[in-house]
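A.B. asks: Structure, please.
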Amino acid sequence: MPRQTFRASERLGHRGQVEAVFATGKTLRPRSVPEAEQVLRVRFRSGSLADLHGPLSASAVPPARVQVLFAVPKKRFKRAHDRNQVRRHLREAYRHHRDELVAATEATGRHVLLVVLVQATAMPPAAVLAAQLAECLGSVAHQLRKLGPPAPENLPPSGTE
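C.D. replies: Numbering: from 1, shown residues only. Okay, here's the model as predicted:
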């Protein structure tokens, strides 16, 4: 069984990509809990590798199929150790629940940029974060399966001259 680590290639950090997720991405919230009890929401953008990352150089390491950013606002969690603890819980929950999403990206040939935003004002229990994140990741996987493979890139026509 492969190790379930959270690699650096899975982190979303490029400013332009994050801005693109907020500009053109879709928002999902956990639907199984009332809105007052929702502690997070997810924004995502999917497409082909070239669509999301642009042209890659030959020596560049290709990014992971799913790249994630965990946003815990300072406005809601004043102390850094509280923000770090919430991020740790989210990373751990993501590691355990990402398999369905990765399988959906491999099946459809899509890449996904994902931003997880924490909306809680008090420290949520790790189990609540994990349950809501798992539901959101399942919803993203479902959306990807509905979308199907990305449109083919502009390839030159193949034919005989």
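
A.B. asks: Could you check how far stretch 24-35 is from the centre of its chain?
C.D. replies: A distance of 13 Å separates the centroid of the chain from that of stretch 24-35, by Cα atoms, centre = their mean, to the nearest Å.

A.B. asks: what about that stretch, how long is it end to end?
C.D. replies: One end of stretch 24-35 to the other measures 23 Å (Cα to Cα, to the nearest Å).

A.B. asks: now it: mean pLDDT?
C.D. replies: Per-residue pLDDT over stretch 24-35 has a mean of 89.

A.B. asks: let's have the chain start at 393 instead
C.D. replies: Sure thing, new numbering starts at 393, so read that last one as stretch 416-427.

A.B. asks: Buried ones in it, by neighbour count?
C.D. replies: For stretch 416-427, the neighbour count (16 or more other Cβ atoms under 10 Å) marks 417, 420, 421, 422 as buried. (C-beta placed from N, C-alpha, C; glycine too.)

A.B. asks: Likewise for stretch 467-474?
C.D. replies: residue 469.

A.B. asks: Stretch 508-522 too?
C.D. replies: 508, 509, 510, 512, 516, 520, 521, 522.

A.B. asks: Repeat that for stretch 489-499.
C.D. replies: 489, 490, 493, 494, 496, 497.

A.B. asks: element containing the residue nearest the centre of the chain, please.
C.D. replies: Residue closest to the average C-alpha location in the chain (Cα atoms, centre = their mean): residue 506, at 2.3 Å. Element membership of residue 506, judged by DSSP states H and E, is strand 503-510.
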